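In: Requesting a structural model of the entry that follows:
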Amino acid sequence: MKKNVLVTGATGFTGGALARRLLGEGCAVTVWARSAERAAPLAAAGAAVRIVDICDPAAVRAAMTGFDEVYHVAAAFRAEHNSLEAFRQVNVGATRILLEAARDARVGRFVHCSTVGVQGEIDDPPADENYRFKPGDFYQQSKMEGELVAREFFGSPLPVTVVRPVGIYGPGDTRFLKLFRPIRRGRFVMIGSGRTLYHLTYIDDLVDGFLLAARRPEAVGEVFTIGGPRYTTLNELVAAIAKAVEGPRVRWRIPYAPVHAAAVVCARVCGRIGVSPPLYPRRVEFFGKSRAFSIEKARRLLGYEPRVDLEEGLARTAAWYRKEGLL
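Out: Next up, the predicted model:
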C-alpha cells in the first residue's frame, strides 16, 4: 500500500527535492501550492497538486485528510522589506494551523522544517541542538517562534519532529551563485580575515535527514540539526569553490569593520527614502559571524550520515551551474 504524504513548500528548492525523492520511492505525494503553474513540474512528475492557502484554517482542515506523513517546509523567506508580522503570519500562524489540523486528522508523523538560523551567530562553535536561541533578523525570529509552536506538540497525540537544516546547496539552487560567479571570474573580494566558520548541507543529504526524521521512532519529540560532514573557514570554502569552478586564487581582501559600518548606514538611509540598499548588513555579516554545528545527535539517534563531502557537492553544483549557463 502506497504511503500518502504531504509536502508544503514543494515549489521551493528543498521542498521540491524532498517531493521528488518521495515520488521516486513510490509514495503518493500531495503538494500544496499557491498556483498550479508553479507546481506544474511536480504534477508532471506524478504529484497531486492542490491549491491551498496554509494561512486559511478552514482550507487547511478541509485538505488535511488521509496523510501518513506531513513535511512542513513552506515558509516566508527573507524579503528585505517584510515586517516581522508578515513573517509571523506564515512562519508562526500557518505552522500552528497545520499542526492543529494534522493532530485532528490523526496524521502519522509531522516533520517541521526550522533552521539553524534560530541560533544566530555561534560564539563557541560547534553548536548542538541545545545551544541558546539568538535570531538575528525578522526571518530568524519568526522561524524560532514557529519552531517553538511545533515543540508545543511534543508529547501530544501528533508525533512531531523538528529538523534544523544547515546552509543548503546543490544543483537546482541559485543562492550561492553570489559566491561561485565572482570566484569563477576572479572578482571575489574577501571581507575580513576569512577565518569565520561556515557549514553547508548538500541537498541529497538533507532529504535523507528529513526521511529519517519522519520514519525513525527515536525522532518523535526531538529537534535535529542536519548538516554536512564538516564545517570550514571561509578561506577554505572559497578555495574549494575556486577549485570546483576552475577559477583563480582569491587574492583581494578588505577589512570587515568599515564595510559593515557602511552597510548599516546605507540600509538606514535607503530605508528612510524607500529604496532597496545596494549593501545589506546581513550580507556583510556572512563574512563575520561563525555558523558551525554538531550533527552528532542525528548520527546517534537517527543513524544519519552525510554521503556527499564538500568537494564533491561543490563540483556537482558547479557542473549544474555550467549546464544552465549561469557561470
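In: Run a quick neighbour tally on the residue lying closest to A76 once chain neighbours are set aside.
Out: Using Cβ to Cβ, 6 or more residues apart in numbering and skipping the chain neighbours, the partner closest in space to A76 is V90 (3.9 Å). C-betas here are computed from N, CA, C, even on glycine. Other residues near V90 number 18, with proximity taken as other Cβ atoms under 10 Å.
In: what's near enough to touch V90?
Out: With contacts taken as Cβ atoms under 8 Å, 6 or more residues apart in numbering, V90 has the following neighbours: I54, C55, A74, A75, A76, S142.
In: now swap in P157 and tell me
Out: Under the criterion of Cβ under 8 Å, 6+ apart, the contact list for P157 reads R103, R106.
In: Just the pLDDT at it, thanks.
Out: On the pLDDT scale, P157 is placed at 97.
In: That one is in what secondary structure piece?
Out: Assessed by DSSP states H and E, P157 sits outside every helix and strand.
In: next one: the one 5 residues further on
Out: Using DSSP H and E, V162 falls within strand 160-165.
In: which residues are in contact with that strand?
Out: Contacts of strand 160-165 (Cβ under 8 Å, 6+ apart): 14, 99, 109-116, 118, 129, 147, 150-151, 153-154, 201, 206, 209-210, 213-214, 219-227.
In: quick one: strands adjacent to that strand?
Out: If you go by DSSP bridges, strand 160-165 pairs up with strand 109-113 (parallel), strand 223-226 (parallel).
In: Pull the residues that contact stretch 295-306.
Out: Applying Cβ under 8 Å, 6+ apart, the set of residues contacting stretch 295-306 is 128-129, 201-202, 205, 208-209, 212-213, 216, 218-219, 222, 224-229.
In: Derive a PyMOL selection command for the buried subset of these.
Out: Of the contacts of stretch 295-306, the buried ones go into a single PyMOL selection, burial set by 16 or more other Cβ atoms under 10 Å:
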select buried, resi 129+201+202+205+208+209+212+213+216+219+222+224+225+226+227+228+229
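In: From the contacts of stretch 295-306, which land in helices?
Out: Among the contacts of stretch 295-306, the members falling in helices are D205, D208, G209, L212, A213 (criterion: DSSP state H).
In: Looking at the residues you listed, spot the one nearest V7.
Out: Checking the ones in helices among the contacts of stretch 295-306 against V7 with Cβ to Cβ, the nearest one is A213 at 13.5 Å.
In: quick one, domains of the chain?
Out: 4-169+202-227+292-308, 170-201+228-291+309-327 (automatic domain parsing).
In: rank those domains by pLDDT, which is bottom?
Out: Across the domains of the chain, domain 170-201+228-291+309-327 gives the lowest mean pLDDT, at a mean of 93.
In: and the biggest helix by length in the chain, C-alpha only, in CSV?
Out: Secondary structure of the chain read by DSSP H shows that its longest helix is helix 256-273. Extracted C-alpha coordinates of helix 256-273, given in CSV (Å, rounded to 0.1, in the frame of the first residue of the first chain):
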residue,chain,number,x,y,z
TYR,A,256,35.4,43.8,7.9
ALA,A,257,34.5,46.6,10.3
PRO,A,258,34.3,49.6,7.9
VAL,A,259,32.4,47.6,5.3
HIS,A,260,29.8,46.5,7.9
ALA,A,261,29.5,50.1,9.3
ALA,A,262,28.9,51.4,5.8
ALA,A,263,26.3,48.7,5.2
VAL,A,264,24.4,49.7,8.4
VAL,A,265,24.4,53.4,7.4
CYS,A,266,23.4,52.5,3.8
ALA,A,267,20.4,50.4,5.0
ARG,A,268,19.2,53.2,7.3
VAL,A,269,19.4,55.9,4.7
CYS,A,270,17.8,53.8,2.0
GLY,A,271,15.1,52.7,4.4
ARG,A,272,14.1,56.3,5.1
ILE,A,273,13.8,57.1,1.4
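In: List the contacts of the nearest residue to D68 once chain neighbours are set aside.
Out: Among residues not flanking D68 along the chain, G108 sits closest, at 4.4 Å (Cβ to Cβ, 6+ apart). By Cβ under 8 Å, 6+ apart, G108 lies in contact with F67, D68, E69, P159.
In: Check R34 too.
Out: When contacts are counted by Cβ under 8 Å, 6+ apart, R34 touches T11, I51, D53.
In: any idea how far R181 is from T174?
Out: Per Cβ to Cβ, to the nearest Å, R181 is found 10 Å from T174.
In: what is in contact with the two at once?
Out: Contacts common to R181 and T174, judged by Cβ under 8 Å, 6+ apart, are L326.
In: so where do the strands sit in the protein?
Out: Using DSSP state E, the strands of the chain run over 4-8, 28-33, 48-51, 69-72, 109-113, 160-165, 167-169, 189-191, 197-202, 223-226, 231-233, 252-254.
In: tell me the helices in the stretch 51-200 of the chain, going along the chain?
Out: Remark: helices assigned in the stretch 51-200 of the chain by DSSP state H, counting those that start in this stretch are 57-63, 84-88, 95-104, 138-152, 177-184.
In: Can you convert those helices into JSON lines and add a column each for distance to S35 and mean neighbour count?
Out: Shown next, in JSON lines, are those (distance: least, Cβ to Cβ, whole Å; neighbours: other Cβ atoms under 10 Å):
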{"stretch": "helix 57-63", "distance to S35": "15", "mean neighbour count": "16"}
{"stretch": "helix 84-88", "distance to S35": "19", "mean neighbour count": "16"}
{"stretch": "helix 95-104", "distance to S35": "19", "mean neighbour count": "21"}
{"stretch": "helix 138-152", "distance to S35": "23", "mean neighbour count": "21"}
{"stretch": "helix 177-184", "distance to S35": "25", "mean neighbour count": "19"}
